[in-house]
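**Q** give me a 3D structure for the following:
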Amino acid sequence: MNPLLIFFAVPVATIILAIVLQKVLNSPLLVAATFFAVFLIITFVAFDASFLVFAILYTLLAFITAIIVRFLCCLISNSDNPCIRNIKNTGMCQDNNSANDNNEDENQSNNSSCGCNRSAMNFYYPRRYVNRRWF
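**A** Predicted coordinates for the structure are as follows:
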């Protein structure tokens with residue numbers, strides 16, 4: 001077998017297909033199991049038993065790629081709220097209530113300049129992270 005195929009083409013194809021399968025299946029373990037099954041069949045149909053080592057390495061590569069893709073997708077999906085993004089990154093979300101305004105109703109509403117309600121934002125985090133699975 002051509003070394004260029006073993007060390008370049010198959011790993012690159014594994015990474016690209018692992019990204020696609022992770023987006024479709026949304027489970028790094030299923031991605032790794034799928035790759036191991038395919039490479040195991042390819043090992044004994046097209047190659048000899050020495051390719052089994054490469055099949056295991058490619059499976060690990062697919063698993064690590066799927067975990068990285070899942071982590072990046074989690075980061076992107078959790079930063080989709082512009083109010084949270086403004087508070088974390090720029091600090092631009094400030095209270096609309098000025099020091100001269102002592103109206104009790106306005107102080108209890110606790111609105112920020114980016115248009116979100118800070119009390120509602122406190123309920124945003126538990127809702128997003130409760131049902132998250134990593135594997």
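**Q** any idea how this structure splits into domains?
**A** 3-78, 82-129 (automatic domain parsing).
**Q** give the buried residues for the longest helix along the chain.
**A** Counting residues, the longest helix found in the chain (DSSP state H) is helix 51-78. By 16 or more other Cβ atoms under 10 Å, the buried positions in helix 51-78 come out as 51, 54-55, 58-59, 61-63, 65-67, 69-70. Heads up, the C-betas are built off the backbone N, CA and C, glycines and all.
**Q** JSON lines please, covering these and showing pLDDT.
**A** Converted to JSON lines, those look like this (pLDDT from 0 to 100):
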{"residue": "Phe51", "pLDDT": "91"}
{"residue": "Phe54", "pLDDT": "94"}
{"residue": "Ala55", "pLDDT": "95"}
{"residue": "Tyr58", "pLDDT": "96"}
{"residue": "Thr59", "pLDDT": "97"}
{"residue": "Leu61", "pLDDT": "97"}
{"residue": "Ala62", "pLDDT": "97"}
{"residue": "Phe63", "pLDDT": "97"}
{"residue": "Thr65", "pLDDT": "97"}
{"residue": "Ala66", "pLDDT": "96"}
{"residue": "Ile67", "pLDDT": "96"}
{"residue": "Val69", "pLDDT": "94"}
{"residue": "Arg70", "pLDDT": "93"}
